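Novice: Fold the following, please.
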Amino acid sequence: MNQGKSKVKPIPEGMHTITPHLIIKGADAAIAFYKKALGAQEIHRSLTPDGKVMHASLKIGDSMLFLADEFPQMGTCKSPQGLGGSPVTLHLYVEDVDKVFKQAVDAGAQARMPPSDMFWGDRYGQVTDPFGHVWALATHIEDVPQEEMLKRANEIYCKPAAAKA
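Specialist: Model prediction:
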């Protein structure tokens, strides 16, 4: 251990405070998918003796993403397929949401919600990647003051059911 002999940054260079760490059934294929669909750069990959991904680091935009193959025998290392779905959505801001949405779908993601302009000021859509992870894709298009955002939300969510149809 360090024991005070050298000063090490508590948060490594290039890392943010929170870094998603995905467990994936088929991490090799997922790395290839994220490169093609989201422009990820592979930074590091460590393999187990049998060739499974023990740990990989990818960079998407200015953020890092960790991932590993599922190891169900460890109890907590299960993929969305191993769990029957994922309760997590990864939010990714991009320069051109329509372009990235199409790129992700063309690479094999399932469209959940095509991009559209949202009341909070983002053009926003969602895809599910081939490994069960949900990605929200967004481009910020308008700075909306809080009062206006609440007014817009109320116009959408407070309409009678018959008026929404």
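Novice: CA only for contacts and neighbour counts going forward, please
Specialist: OK.
Novice: Can you report phi and psi for the closest residue to L90 other than its chain neighbours?
Specialist: Nearest residue to L90, sequence neighbours excluded (CA to CA, 6 or more residues apart in numbering): W135, at 4.8 Å. Per-residue torsions, W135: phi -120, psi 120 (degrees, to the nearest 10).
Novice: I'd say W135 and L92 touch.
Specialist: Yes. Assessed by CA atoms under 8 Å, W135 is found in contact with L92 at 7.0 Å.
Novice: residue contacts, M113?
Specialist: Shown in contact with M113 (CA atoms under 8 Å, 6 or more residues apart in numbering): 125-127.
Novice: nearest to V144, of those residues?
Specialist: G125 (18.5 Å; CA to CA).
Novice: quick one: M64 from Q146, how far?
Specialist: For M64, the distance to Q146 equals 30 Å [CA to CA, to the nearest Å].
Novice: Comparing the two, which shows the higher neighbour count?
Specialist: M64 (20 against 10; other CA atoms under 10 Å).
Novice: CA atoms only for the helix or strand harbouring the more buried one - export them in CSV, please.
Specialist: Per DSSP states H and E, M64 falls inside strand 63-69. Extracted in CSV, the C-alpha atoms of strand 63-69 (Å, rounded to 0.1, in the frame of the first residue of the first chain):
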residue,chain,number,x,y,z
SER,A,63,-16.6,10.0,-19.6
MET,A,64,-15.4,6.5,-18.6
LEU,A,65,-17.5,3.3,-18.6
PHE,A,66,-16.3,0.1,-16.9
LEU,A,67,-17.7,-3.3,-17.9
ALA,A,68,-17.1,-6.9,-17.3
ASP,A,69,-18.6,-10.2,-18.3
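Novice: for whichever helix or strand comes after that strand, which positions count as buried?
Specialist: Heading C-terminal from strand 63-69, the first helix or strand you meet, by DSSP H and E, is helix 80-83. By 16 or more other CA atoms under 10 Å, the buried positions in helix 80-83 come out as 80, 82.
Novice: Using PDB, list the CA coordinates for the next helix-or-strand element following helix 80-83.
Specialist: Sequence-wise, the next helix or strand downstream of helix 80-83 (DSSP H and E) is strand 89-93. Extracted as PDB, the C-alpha positions of strand 89-93 are listed here (Å, rounded to 0.1, in the frame of the first residue of the first chain):
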ATOM      1  CA  THR A  89     -31.000   3.900 -17.600                       C
ATOM      2  CA  LEU A  90     -27.700   5.400 -18.700                       C
ATOM      3  CA  HIS A  91     -28.000   9.000 -19.800                       C
ATOM      4  CA  LEU A  92     -25.700  10.100 -22.600                       C
ATOM      5  CA  TYR A  93     -25.500  13.700 -23.800                       C
END
